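Q: Predicted model and sequence follow; I will ask about them next.
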Amino acid sequence: MLTLVTETVLAPPARKLAYRAFMDEHVYPNEAAISREDDAAFELVDELRAKAKHAGLWAPHLPPQAGGTGEGFLDYAQLNEEIGRSLYAQLIFGCQAPDAGNGEILWLFGTEEQQERFLRPLVAGDVRSFFSMTEPDVSGSDPTSLRTRAVRDGDEWVIDGHKWFSSGADGAAFGIVMTVTDPDAPPHRRATQILVPADTPGVEIVRPISTMGHTGRGWTTHCEVRYTGVRVPLANTLGEPGAGFRIAQKRLGPGRIHHVMRWLGQMQRAFELMCEYALHRHAFGSPLADKQTVQNWIADSAAEIQACRLMTMDAARKIDDGDEARVEISLIKFHAARVLQDVIDRAIQVHGARGLTDETPLAAMALQARGARIYDGPDEVHRMVVARRILDSFAAGEPWRFS
Ligand SMILES: Cc1cc2nc3c(=O)[nH]c(=O)nc-3n(C[C@H](O)[C@H](O)[C@H](O)COP(=O)(O)OP(=O)(O)OC[C@H]3O[C@@H](n4cnc5c(N)ncnc54)[C@H](O)[C@@H]3O)c2cc1C
């Protein structure tokens, strides 16, 4: 039977409602305390993680065979729409970036030994990890220019390099490091992903980088990391040597949809705050909701959010059907990142000065939202990917088909 995309989107699965109830009871009331990022906040997060596990809501990004509670990509996409409403919920449900993506590639490409040593404690939430690809000295948009090198010495790799924006590296147990292993190979066969325990001699977490006034702690950091003569066994190679880009594609494609789904949650929360405030705040003798400019913001936001939802579900469904959905993923990555910023910005504007305070979640949401147009590929690169693929199709005599 044909399932229309709208049907899939508009009927929330029962599991989504379970996440919603957990968010209402345990996440929103604790957001302010968690955002302080002090010792008490860490303890609170641990308590909530235990509750999420107990409620059967743990690690929805992975199937039960891998230790999770996942039921497919589309299902996870829908759950993320709920989880994404709070910036901390992904951590509470054990599906936080970058661990979720790292878990997925370990599940897909890891050897049994790697899964036992790295994946099992990661999925259990006993440890965190980081993904170390971007370097300060070369363009992260074009990772064929990476400089970090791993050279074979007997049955070991010796890694030397300089990375930054390794999110969550502070306090993590291991990283997946993208490094050049064969500089003479064709550009997309040069790099390999290598599992590196963080306590290996030569791994130096130089500093958490302050971004937009926030340095963070633990999971919320973006770290500069140096690798100097770091020795790990060849057995720590993820997949085949030279498969780094192929694996990165497997990781980043679905990972972008995960991000977008969380953004949908953020957009909807900002939208709700905007509508509720507009109804109650009065200026010049009537509620803000009566002003046409505010009505336009609400109508534009509603249209844009729903368009993003449908585009995202379409991409998720194609992935579940085995398609790489490269164009669909890039389309939604750059489009939703812009809508996210616009909706949050309108909600702040409707709130006036209150929108800039920390009495609503909007200011924190706006800070986070800015990064969305850069991480996992800047807007401009995704536009380039979309245009190139569509034009290639036309050049080959095939018009681009939207369905
Ligand atoms: C919050 C956050 C978290 C991150 N976490 C991680 C992480 O965990 N691990 C990791 O490895 N990296 C991470 N990153 C890094 C991120 O992936 C890179 O910032 C991104 O790939 C862009 O690389 P760059 O910063 O080197 O910018 P550059 O590649 O130097 O690009 C700079 C600008 O040039 C423009 N540009 C680039 N290419 C084109 C083009 N073809 N056409 C037109 N304009 C173009 C774009 O406007 C772009 O913003 C994170 C970044 C952020 C902001």
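A: The structure has been received and is ready for your questions. Numbering: from 1, shown residues only.

Q: name the element Trp164 belongs to?
A: Using DSSP states H and E, Trp164 sits in strand 156-167.

Q: which residues sit in contact with the residue positioned nearest the centre of the chain?
A: For the chain, the residue nearest the mean C-alpha position is His259 (3.9 Å; CA atoms, centre = their mean). For His259, the contacting residues are Ala97, Lys333, Ala372, Tyr375, Asp376, by CB atoms under 8 Å, 6 or more residues apart in numbering. For glycine as for every other residue, the C-beta is placed from the backbone atoms N, C-alpha and C.

Q: For the closest residue to Val158 other than its chain neighbours, give me its contacts.
A: Spatial nearest neighbour of Val158, excluding adjacent residues (CB to CB, 6 or more residues apart in numbering): Val151 at 5.1 Å. Val151 makes contact with Trp157, Val158, Thr181, according to CB under 8 Å, 6+ apart.

Q: Check the protein for its longest helix and report it.
A: In the chain, taking DSSP state H as the definition, the longest helix is helix 244-280.

Q: Near the ligand, which residues of the protein? Just list them.
A: Contact residues, the chain versus the ligand (CB under 6 Å from any ligand atom): 98, 131-134, 139-141, 165-167, 222, 371, 374-378, 380-381, 384.

Q: if we go to 8 Å?
A: With CB under 8 Å from any ligand atom as the criterion, the chain meets the ligand at residues 97-98, 130-136, 138-143, 163-168, 178, 211, 222, 371, 373-381, 383-384.

Q: Check which helix or strand the residue nearest to Val158 maps to.
A: strand 149-153.

Q: Could you identify which of the contacts of His259 has the most neighbours?
A: For the contacts of His259, counting by other CB atoms under 10 Å, the largest number of neighbours falls to Lys333: 31 neighbours.

Q: contacting residues for Ile298?
A: Taking CB under 8 Å, 6+ apart, we find Ile298 in contact with Phe271, Met274, Cys275, Ala278, Ala289.

Q: go on, Leu119?
A: Contacts of Leu119 were listed using CB under 8 Å, 6+ apart, and they are Ala66, Gly67, Gly103, Leu106, Trp107, Gly110.

Q: Restricted to strands, list the residues you listed.
A: Counting by DSSP state E, no part of these is found in strands.

Q: which of those sit farthest apart?
A: Gly67 and Gly110 (12.5 Å; CB to CB).

Q: Quick one: buried ones out of the contacts of Val151?
A: By neighbour count, with 16 or more other CB atoms under 10 Å, the contacts of Val151 hold Trp157, Val158, Thr181 as buried.

Q: thinking again about what came up before, what helices and strands are in contact with the strand holding Trp164?
A: strand 129-132, strand 149-153, strand 174-180, strand 191-197, strand 222-233 (3 or more CB pairs under 8 Å, 6 or more residues apart in numbering; DSSP states H and E).

Q: can you put the ones you listed in TSV and add mean pLDDT?
A: Compiled in TSV, these are given as follows (pLDDT from 0 to 100):
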stretch	mean pLDDT
strand 129-132	98
strand 149-153	98
strand 174-180	98
strand 191-197	98
strand 222-233	98
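
Q: Just name the most buried of these.
A: strand 129-132 (a mean of 28; mean count of other CB atoms under 10 Å).

Q: Just checking: what are the partner strands of that one?
A: Applying DSSP bridges to the sheet, strand 129-132 is found paired with strand 174-180 (parallel).

Q: mind exporting the partner strand as CSV, just the C-alpha atoms?
A: Extracted in CSV, the C-alpha atoms of strand 174-180 (Å, rounded to 0.1, in the frame of the first residue of the first chain):
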residue,chain,number,x,y,z
PHE,A,174,38.1,7.9,22.8
GLY,A,175,38.0,9.7,19.5
ILE,A,176,37.6,8.7,15.9
VAL,A,177,40.3,10.5,14.1
MET,A,178,40.2,11.2,10.4
THR,A,179,43.8,11.0,9.1
VAL,A,180,45.7,10.8,5.8
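
Q: starting at the chain centroid, how far to that strand?
A: Distance of strand 174-180 from the chain centroid (CA atoms, centre = their mean, to the nearest Å) equals 18 Å.

Q: in the stretch 1-150 of the chain, what residue is nearest the ligand?
A: At 2.5 Å from the ligand, Gly140 is the closest residue in the stretch 1-150 of the chain, using CB to the nearest ligand atom.

Q: Helix, strand, or coil at that residue?
A: State at Gly140, reduced to three classes by DSSP: H, G, I helix; E, B strand; the rest coil: coil.

Q: Looking at Pro12 now. What's its pLDDT?
A: Per-residue pLDDT puts Pro12 at 56.

Q: again with Thr3
A: At Thr3, pLDDT is 40.

Q: buried sites along whatever helix or strand Arg120 lives in?
A: Assessed by DSSP H and E, Arg120 sits inside helix 120-124. Buried residues in helix 120-124, counted by 16+ other CB under 10 Å: Pro121, Leu122, Val123.
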